[in-house]
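In: Everything below, folded, please.
(2 chains)
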Amino acid sequence: MSVLWQQKTHGVLRRKEKMQRLLARLLLSVVVITTVLAGVYLTVVASNVHTARRLWAMENQIANVMRTNQAFMTEIARLSSIPVLQERSVALGYRPAESIDYLYLGEP
Amino acid sequence: MLHGPEARLRLITVLLIAALLPILGQLVRLQILEHSQYQSEAEALVRRQYALPEAPWGVIMDRNGDLLVGNVPVYDVGAEITMITDTVMAASVLAPLLNRSEEDLLALMTPPENTQTLVWRPLTNRVPPETVQKLRDLNWPWITLSPTWERYYAEGAMACHTLGFVNAEGMGYGVQAFQLRFLRGETVARVGSVSGDTSPMPDELTVGGLTPYPGTDLRLTIDRTIQAFVEGALDQAIVEYKAAGGNILVMDPQTGEILAVASRPNYEPHRYPEYAQNGKESIFWDPAVSIAYEPGSVFKALVVAAALDSGRVDTNWSYNDLGQIEYGGVIIRNSNDGAYGQQGLQGLLDYSLNVGAATLSTHVLGADLFYKYVRAFGFGQTTGIELTGEARGIVHLPTDWDWSDSYLATNSFGQGIAVTPLQMAMSIAAIANDGVMMQPRIIAERQYADGRVIPIPPHELGQPVSAAAARTVAEMMVRSVDTVAKVAQVPGYRIAGKSGTAQIPTTGGYHPRDVVVSYVGFGPVPNAQVVILVNLDRPDVPTHMRWGIDTAAPVFQKVMARVLTLMGVPPSDLRAGP
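Out: Just a heads-up that it's a prediction; the model follows:
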């Protein structure tokens, strides 16, 4: 009889198979846990990347809003500058006051 | 050869291990042995400084919040010139957009021969957003646009000396240079891994935000409307009297706030490089703050106040004016060489008698007391106003090596002593404010980007003369205006004033013809709301007109009348009630 036959008949193979199944289960568990952890890690990283991108975009937006705000401020200042106001008021028919008369109102 | 599955399995295992060994070896070489070299090479590729666009500088407003200096968003344009495929065509398209000649652009955009690396060159600066949009529409990937700012002066050259400017090196003039550390925005830059479009890699942003922090806004004490009127009045006066220059200073004596300050010659702050290139840097100094002049007879008001405060004279004091007095080897004469006989303090001010003023300084006060008052009124020292380049003036003291006894006599009528218009206005403001001298100031408050508002409170410099002495001099100056200087009267208001005409010192003496004419006054008396000083430099008018009373006083009257109206100060009889 061959050695293999002797192992089968004496239960040696069954013990080996049991050990291998145990090892396989262990490996599978490790793979599953690792996969879950990796999945969680990737999710967190992806979320982080997304948030960081949004943050950068928002900071850029703040900078752009600042620039737009300053542009509007200067445009308002230009439109309400004294030479422009004088031009507009003359066009509307206003003239500088020649004299000021104060009317004193006594308290009742 | 190979018998059985186990032997074949062993062979496959050996072959696999043999194949894996070189890979493992390479891994060890790359990851362990040459790790640092490859890491530094990789970092050199992706590590760059990154930042958001530069933060805006703080804006400058007048006392009512109207913008005087703002920021215009502009761009600096550059090009990765090694990436350009058709340089001639690109230059011809860009020339009209960038306002540069095609030849200039061609020279800039042609890369050096045998260039292997990327070459970037700046094409032009300060390009407005409208042009930038046109450049973006070209969709040329080699054009680089760097956002930046340009200072915008809303009223052009108005208040140019006060507002000033700051150049790229952080040097400048006016309130901007003085307040640079507040005005300048803070841009946060960081070095780290960047992506292809030079934005930071996501993990870099976990360190913190990069939002730039805008500079602090300044609200000045200047009133834009008063300033505009004063500038117009000064321009008109300079044309009318053919003066070489001049300045007008309007100040609140109770707080020291400068409401307006105009000086000529002036300049347009946004064109400062052109002035500098043409060697005209001297135009940047404000004559009202940085250049001292001999004030002339306006100084007599202070001498009278000092004499009264000392207690050595009272309103009944008198002297016999013989038309001249000798002191320290110099003969002092009245401006018209006349003798006025018995005169008191009022006559001294009314007729602006040099002999009377010299009598007070030499025979009544003496050098120690006289110069104690000169110092107390702030002469020979800076006022501390928030502007660059403030001059101290020149006051000769008896302890100085170049002292001459005659200074005591000539200083009493404002010759031989040099003061700035600001110092002069400040000292007269002390007379207007019951003897209390306030520090001149130009900044009303700082407005921080986080919303904090820090007001700058008025600061009292001292009380050079008593309230009683100041009031007495103020009343004398009012009577002087009402009797001999009616040209300075403002209908309905009690105005105090004093004229001055000062010779201009030259090497070895005084110019035979040129003078600085001035008029200083305040009103309404009592409880004066405003002090105005008018100086005209070297008016080119007939000799009989070359006096402060004939040239500066009418300008003073015009400005005072309008400023009182603009400030809403009711006439004196209404202030007193029915």
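In: distance between the longest helix along chain A and the chain's centre?
Out: Across chain A, the longest stretch assigned as helix under DSSP state H is helix A:12-79. Centroid displacement of helix A:12-79 relative to its chain, using Cα atoms, centre = their mean, to the nearest Å, is 12 Å.
In: Let's see the pLDDT reported for residue 87.
Out: Using chain A. Looking at A:Glu87, its pLDDT is 91.
In: right idea, wrong chain: chain B
Out: Looking at B:Thr87, its pLDDT is 87.
In: That one against B:Leu106, yeah?
Out: Yes - assessed by Cβ atoms under 8 Å, B:Thr87 is found in contact with B:Leu106 at 6.5 Å. Yep, even glycine has a C-beta here, placed from its N, CA and C like the rest.
In: Need the CA coordinates for the lowest-mean-pLDDT helix or strand in chain A. CSV is fine.
Out: Of all helical and strand segments in chain A, the minimum by mean pLDDT, DSSP states H and E falls on helix A:3-9, at a mean of 71. Presented in CSV, the C-alpha positions along helix A:3-9 are these (Å, rounded to 0.1, in the frame of the first residue of the first chain):
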residue,chain,number,x,y,z
VAL,A,3,1.8,6.0,1.8
LEU,A,4,-1.2,8.1,0.7
TRP,A,5,-3.5,5.1,1.3
GLN,A,6,-2.0,4.5,4.7
GLN,A,7,-2.6,8.3,5.6
LYS,A,8,-6.2,8.1,4.5
THR,A,9,-6.9,4.9,6.4
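In: Check what contacts it and list those residues.
Out: Contact with helix A:3-9 is made by A:Leu13, as judged by Cβ atoms under 8 Å, 6 or more residues apart in numbering or on different chains.
In: which bits of chain A sit near chain B?
Out: A:48-49, A:52-53, A:55-56, A:59-60, A:62-64, A:66-68, A:70-71, A:73-74, A:76-78, A:80-83, A:97, A:100, A:102, A:104, A:106 (Cβ under 8 Å from any Cβ of the partner chain).
In: For ChimeraX, what selects the buried ones among those residues?
Out: Selecting the buried subset of these in ChimeraX, with 16 or more other Cβ atoms under 10 Å in any protein chain shown as the burial test, is done by:
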select /A:52,55,56,59,63,66,67,70,71,73,74,77,78,81,82
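In: which residues touch B:Ala561?
Out: So B:Ala561 contacts B:490-491 (Cβ under 8 Å, 6+ apart).
In: And what about it, helix, strand or coil?
Out: Here B:Ala561 is recorded as helix under DSSP: H, G, I helix; E, B strand; the rest coil.
In: Equivalent analysis for B:Ala553, please.
Out: Following three-state DSSP, we place B:Ala553 in the helix state.
In: which ones are touching it?
Out: With contact set as Cβ under 8 Å, 6+ apart, B:Ala553 has these partners: B:485, B:487-488, B:497, B:499, B:519, B:534.
In: switch to 10 Å and redo it
Out: Contact analysis of B:Ala553 by Cβ atoms under 10 Å, 6 or more residues apart in numbering or on different chains lists B:481, B:485-489, B:497-499, B:517-519, B:521, B:534, B:547.
In: measure it to B:Asp321 for me?
Out: For B:Ala553, the distance to B:Asp321 equals 23 Å [Cβ to Cβ, to the nearest Å].
In: ok, now B:Asp434?
Out: 30 Å.
In: Then B:Lys498?
Out: For B:Lys498, the distance to B:Asp321 - Cβ to Cβ - is 18 Å.
In: which of these two has more neighbours?
Out: Using other Cβ atoms under 10 Å in any protein chain shown, the more surrounded residue of B:Lys498 and B:Asp321 is B:Lys498, with 31 against 22.
In: give me the beta-bridge partners of the more buried one?
Out: Judged by DSSP bridges, the bridge partners of B:Lys498 are B:Val520.
In: Might one say that it is in contact with B:Ala485?
Out: Yes - applying Cβ atoms under 10 Å, one finds B:Lys498 in contact with B:Ala485, separated by 8.1 Å.
In: what residues are shared contacts of these two?
Out: In contact with both B:Lys498 and B:Ala485: B:349-350, B:352, B:477, B:519, B:521, B:548-549, B:553, using Cβ under 10 Å, 6+ apart.
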